[in-house]
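Colleague: I would like the atomic coordinates for the input below:
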Amino acid sequence: MAAKTLEESDVGIFCYISKLPGFRGILKQRYSDFIVNEVDKEGNVVHLTSLDAPPEISEETVTKIDDTANSKSYASEVDTFRSLAGDSDAKRLEALISQINTGVEESVSPIILSPDSDKSHRTAMHNFFKQNFKFLVTDVVDGPDASSKCIRVRLNTGGHKNKGRNSKKRKERVDMPFDSRGSENWSETDGKFLRFHLYKENKETQEALGVIGKMLGIQPRSFGFAGTKDKRAISTQMVTVFKQHATKVAALNARLIGIKVGDFCYVREGLLLGQLLGNRFTVTLRGVVADSEDTIKLSADALGKLGFINYFGLQRFGSGSVPTHLIGATLLRGEWKTAVSMILDPREGERNPIAKAREYYKESNDIEGTLRQLPRHLVAERAILQCLKKCPGNYLQALKAIPRTLRMMYVHSYQSYLWNHAASIRVQKYGNNQVVLGDLVYRKGDDTEKVTRHVNPECEDDNHNDVYDSNNPDEISETDVPEERNNLIKVVTTEDIVTGNYTIEDVVLPMPGSRVVYPNNSTANVYHDLAKKDAISLTESVHSVKEFSITNMTGSYRRVFQKPVDFEWELLEYTDGDIPLVETDLDKISDYKPVKMVRVEDPADGNEGKIDCVKQAEGVEDDDEAEDAGEECLPNIESRCRSNSQKAQMALKLSFTLPSSCYATMAIRELLKTSTSVAFHKTLN
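Modeller: This is a model prediction of the structure:
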């Protein structure tokens with residue numbers, strides 16, 4: 001595979017909106033220069049405002065399952081059950097209740113009732129348990145012969161039954177979609193989910209939740225979130241966890257490093273991917289150099305006024321030397337063995353432990369030995385190897401062993417590759433000022449149109465970070481949209497152009513799928529021509545595996561042009577590149593203030609424009625004690641402050657909100673007129 005770093009032109013990113021010159025600026029010189037706050041479905045920006053747990057019901061007053069059993073003998077209920085099920089089953093039930101009364105939940109074994117071929121009678125039995133024994137749950141297992149079934153009765157440890165009939169492992173996990181350990185002590189008046197705000201620094205969402213889950217002793221499936229955020233950033237987002245007490249989760253703050261949790265409340269539903277409107281970004285570009293400040297000001301104003309081309313950013317296509325869209329193309333062609341090789345084979349530029357494990361597998365084909373070496377965060381690779389261990393040579397099954405959101409991102413990445421090229425051709429041929437004949441637009445007058453003015457739901461969430469390469473999650477989950485979405489799309493006619501009903505902001509392009517329509521102009525050719533070069537048809541599939549078939553996806557639509565919402569910008573000066581320039585949520589809680597650059601007049605020589613480093617540490621106010629110290633910089637950070645004679649540098653601070661599908665890096669690209677690749681910005685450093 002190609003070893004070169006992926007460039008924007010490789011994935012169809014060519015054009016800009018404004019003709020203004022760009023300027024130099026370093027993106028993410030520090031991870032604290034990139035701050036992301038989720039925007040919830042109601043349009044509220046999610047912040048960390050408190051680390052404290054709310055007052056909880058004391059443990060003594062919370063109803064426990066075993067206390068419920070202890071508080072009653074259930075003699076009358078058992079007698080009623082005896083008349084319904086018979087004496088032998090009633091004795092089994094009495095023994096189960098007695099076992100529960102011992103209080104040792106781990107030792108409570110399920111009971112199997114007598115075989116029963118009468119479905120209506122079994123239904124009556126299920127209902128009886130629901131009404132009279134809420135601390136027990138029932139399901140059905142096979143009886144001794146083909147015509148009979150047996151009701152199984154077991155302790156209810158929380159959660160809902162997940163009917164994976166053919167999964168022995170699922171039955172062993174008591175059919176629970178959530179890890180319920182530690183959740184038995186739960187008030188029925190509380191929602192089953194604890195919602196909290198997760199603040200993290202320089203960590204992926206899954207990584208942060210993995211740390212929290214390990215401390216709580218629960219599995220990752222217990223957590224829910226609307227979208228994953230950039231790793232190299234400071235971000236705050238909503239998370240839900242199944243049946244965990246706020247006091248227990250809040251207590252982790254003392255041990256968590258680079259992670260904080262707070263703003264707790266109980267809710268009835270867990271969060272799902274996509275349940276957000278967008279994200280609020282605060283981006284600081286350091287080392288800004290331009291012909292003049294006017295160049296910067298004009299460019300920033302133009303970004304707010306004109307917006308940017310709504311490309312899928314480079315992170316959509318993975319950070320490794322094997323771009324995810326190439327793997328996606330291989331899957332669409334049905335080349336399963338090749339796809340597996342592309343995911344497992346050695347790659348350029350990977351860290352030594354990973355590179356070593358890949359090389360070892362390629363040379364030895366030793367799956368066990370490779371799994372011992374391969375880091376756990378390489379989810380796709382480990383899933384493939386574990387499947388090949390059980391089913392040697394079954395490459396399709398191995399690909400299906402990858403978690404769905406992860407394996408689907410390869411095909412979605414290819415859709416994004418086609419979309420980017422189509423967007424570039426649309427801009428190159430028809431410009432960015434007006435709607436042209438044959439363009440696709442959202443119909444006017446629909447309620448959805450009002451929503452999409454602010455944050456458009458038709459785009460996939462680029463901050464889902466559904467693991468676009470297995471060690472660098474990207475940000476998108478599903479591209480499929482409801483069929484009625486097509487009814488919101490229309491092809492622009494001559495009459496539309498004459499009446500001026502639509503503007504350039506209304507123009508959309510499809511993400512390929514079976515239910516989308518393509519523009520009625522030359523832009524449509526881009527999709528089919530590019531796919532044809534990759535030996536892929538967008539109208540028929542060469543294999544019968546639906547999830548890797550583009551014709552089985554409904555597709556969606558995405559705006560070609562996007563304006564940042566609530567856009568603000570500010571020029572800053574600084575002398576120390578190691579000190580944060582923007583206050584984070586955690587800073588605000590801790591009364592910690594970032595460096596503040598101020599211009600002061602030196603009374604000794606009357607010179608203006610001298611830069612002083614002023615910083616307030618945690619809990620220190622502008623009090624008399626600080627003034628008496630006579631220091632320009634507080635003692636605890638004196639070593640971090642540079643001399644006044646050091647040359648000041650310029651930074652550009654940008655704040656804006658984008659829909660969940662939009663990449664902040666593409667807005668920055670429009671401003672700087674330079675590549676957003678990590679490799680390029682490392683050279684600026």
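
Colleague: need phi/psi at the nearest residue to Gly43 once chain neighbours are set aside.
Modeller: Among residues not flanking Gly43 along the chain, Leu277 sits closest, at 5.8 Å (Cβ to Cβ, 6 or more residues apart in numbering). Bear in mind the C-beta positions are built from the backbone N, C-alpha and C, glycine included. When read as degrees, to the nearest 10, the backbone of Leu277 gives phi -90, psi -30.

Colleague: also Arg255?
Modeller: Dihedral pair for Arg255: phi -110, psi -10, per degrees, to the nearest 10.

Colleague: the nearest residue to it once chain neighbours are set aside and Pro510, how far apart?
Modeller: Nearest residue to Arg255, sequence neighbours excluded (Cβ to Cβ, 6+ apart): Met215, at 6.9 Å. Met215 sits 44 Å away from Pro510, taking Cβ to Cβ, to the nearest Å as the criterion.

Colleague: again, but for Leu27
Modeller: 30 Å.

Colleague: name the helix or strand for the residue nearest to Ser18 when sequence neighbours are not counted, please.
Modeller: Among residues not flanking Ser18 along the chain, Ala302 sits closest, at 4.5 Å (Cβ to Cβ, 6+ apart). Here Ala302 sits within helix 293-306, counting by DSSP states H and E.

Colleague: which helix or strand lies directly C-terminal to that helix?
Modeller: Following helix 293-306 toward the C-terminus (DSSP H and E): strand 308-309.

Colleague: and after that following strand, which helix or strand comes next?
Modeller: Next along from strand 308-309, by DSSP H and E: helix 324-332.

Colleague: what degree of burial does Leu396 show, as a neighbour count?
Modeller: 18 (other Cβ atoms under 10 Å).

Colleague: tell me which strands and helices the helix or strand hosting it is in contact with?
Modeller: Per DSSP H and E, Leu396 falls inside helix 395-400. If you count contacts as 3 or more Cβ pairs under 8 Å, 6 or more residues apart in numbering; DSSP states H and E, helix 395-400 packs onto helix 336-344, helix 379-390.

Colleague: neighbour count: Met215 and Pro510, which is higher?
Modeller: Pro510 (23 against 14).

Colleague: state the pLDDT value of the residue nearest in space to the middle of the chain.
Modeller: The residue lying closest to the centre of the chain (Cα atoms, centre = their mean) is Thr228, at 2.1 Å. Looking at Thr228, its pLDDT is 82.

Colleague: quick one: it from Leu298, how far?
Modeller: In terms of Cβ to Cβ, Thr228 sits 35 Å off from Leu298.

Colleague: what does Leu538 give?
Modeller: Computed as Cβ to Cβ, the Leu538 to Leu298 distance reads 41 Å.

Colleague: more crowded one of the two?
Modeller: Legend: neighbour count by other Cβ under 10 Å for Leu538 and Leu298, higher for Leu538 (21 against 15).

Colleague: could you check how far the more buried one is from Gly12?
Modeller: On the measure of Cβ to Cβ, Leu538 and Gly12 end up 16 Å apart.

Colleague: again with Ser109
Modeller: 59 Å.

Colleague: what about Lys588, which SS state?
Modeller: helix (DSSP: H, G, I helix; E, B strand; the rest coil).

Colleague: so which helix or strand of the protein has the lowest pLDDT on average?
Modeller: For the chain, the helix or strand with the lowest mean confidence is helix 624-628, at a mean of 31 (criterion: mean pLDDT, DSSP states H and E).

Colleague: CA atoms of the next helix or strand after it as CSV?
Modeller: Using DSSP H and E, the next helix or strand after helix 624-628 towards the C-terminus is strand 649-659. Taking Å, rounded to 0.1, in the frame of the first residue of the first chain, the C-alpha atoms of strand 649-659 are listed here in CSV:
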residue,chain,number,x,y,z
GLN,A,649,3.4,36.4,18.8
MET,A,650,-0.1,36.6,17.5
ALA,A,651,-3.0,34.1,17.9
LEU,A,652,-6.4,34.1,16.3
LYS,A,653,-9.2,32.8,18.6
LEU,A,654,-12.3,31.6,16.7
SER,A,655,-15.6,30.5,18.3
PHE,A,656,-18.5,29.0,16.3
THR,A,657,-21.2,26.3,16.3
LEU,A,658,-21.4,23.7,13.5
PRO,A,659,-24.0,21.0,12.8
